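K.L.:
Any chance you could fold what I've pasted below:
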Amino acid sequence: MNIAVLIKMVPDTESKLEVNDGTLIDQNFKYMVNPYDEFAVEQAVQFKEAEGGKVTLLSLFSEDSSIDTDLRKMLAIGADEIVVLRQNGYRGDKPLANAKVLSDAIKELDVDLVLCGIQGIDYYQAATGTMVAQMLGIPNISGVTSLEYNSGTLKAKRQIEGGLQTVETPTPAVITCQKDMNKVRFPALKDIMMSKRKPFENKNVDSIDSNDALTSESSLPPARDGGEIIDGENDEDKVNKLIEKLKMEAKVI
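P.N.:
Have a look, this model is predicted:
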């Protein structure tokens with residue numbers, strides 16, 4: 001069972017956000033593997049261990065090589081190889097253009113299954129995986145929390161409003177993975193050392209035009225006002241004043 005896992009590199013949550021005249025300044029960002037994609041990698045490795053085959057990680061990013069270390073951590077989990085598509089002027093908020101590049105790359109691989117996270121935590125568009133499925137002309141199940149494979153058939157469970165939905169589809173297919181799908185393993189030291197010998201290929205790809213809706217302006221959330229200290233003769237008096245403010249000023253009760 002050969003599996004491709006799409007990996008999106010997103011800004012590390014500890015990166016400092018700076019905005020200048022409506023433009024996000026990202027030159028000093030550090031990047032990490034999108035957390036939802038880690039569930040996809042773990043699921044791919046579990047399928048490989050049960051069925052045999054190969055797990056190929058496919059990532060689209062700029063020419064910045066600082067992401068290589070974090071990508072190799074996914075090799076240590078159990079993936080077999082990485083292909084990084086290097087694109088000049090790459091942007092993470094262009095799902096249509098990015099899906100086109102990724103689907104073209106997948107066509108060159110002989111895979112039975114494509115896995116990825118349901119969305120990136122940078123723009124929360126939740127679009128790329130489904131677009132890839134459409135471009136490949138294969139079934140797609142989104143937001144999967146449990147996935148089983150049996151003789152060419154996938155059985156997926158996904159949370160819906162008020163319940164749980166079970167969907168079956170033949171392979172090949174594209175599955176986007178939701179949190180709680182599995183527990184991502186911590187690699188052993190020997191796996192970390194072995195990951196340094198696994199194939200890591202960089203391929204240059206051209207930018208393409210698309211009608212993606214781009215971010216027009218960025219802004220930071222407004223600064224919080226200082227808190228208000230409520231004075232009173234005793235605790236009961238303070239509580240009564242607080243309740244009065246919640247009723248008359250905040251209008252929450």
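K.L.:
could you pull out the strands for the stretch 101-250 of the chain?
P.N.:
Using DSSP state E, counting those that start in this stretch, the strands of the stretch 101-250 of the chain run over residues 113-117, 140-150, 153-160, 163-170, 173-177, 200-205.
K.L.:
Kindly reformat these as JSON lines and extend each row with mean pLDDT.
P.N.:
JSON lines is the format used below for the strands of the stretch 101-250 of the chain (pLDDT from 0 to 100):
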{"stretch": "strand 113-117", "mean pLDDT": "98"}
{"stretch": "strand 140-150", "mean pLDDT": "97"}
{"stretch": "strand 153-160", "mean pLDDT": "95"}
{"stretch": "strand 163-170", "mean pLDDT": "96"}
{"stretch": "strand 173-177", "mean pLDDT": "98"}
{"stretch": "strand 200-205", "mean pLDDT": "97"}
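K.L.:
tally of neighbours for the closest residue to residue 238 other than its chain neighbours?
P.N.:
What sits nearest to residue 238 in space, not counting adjacent residues and going by CB to CB, 6 or more residues apart in numbering, is residue 232, at 3.8 Å. C-beta coordinates here come from the backbone N, C-alpha and C atoms, glycine included. If you count neighbours by other CB atoms under 10 Å, residue 232 ends up with 12.
K.L.:
same thing with residue 187?
P.N.:
17.
K.L.:
Test for you: state the pLDDT assigned to the residue lying closest to it once chain neighbours are set aside.
P.N.:
Nearest residue to residue 187, sequence neighbours excluded (CB to CB, 6+ apart): residue 76, at 3.7 Å. pLDDT for residue 76: 96.
K.L.:
looking at this, residue 76 is in a helix?
P.N.:
Yes - under DSSP: H, G, I helix; E, B strand; the rest coil, residue 76 falls within a helix.
K.L.:
State the distance from it to residue 96.
P.N.:
Residue 76 sits at a distance of 32 Å from residue 96 (criterion: CB to CB, to the nearest Å).
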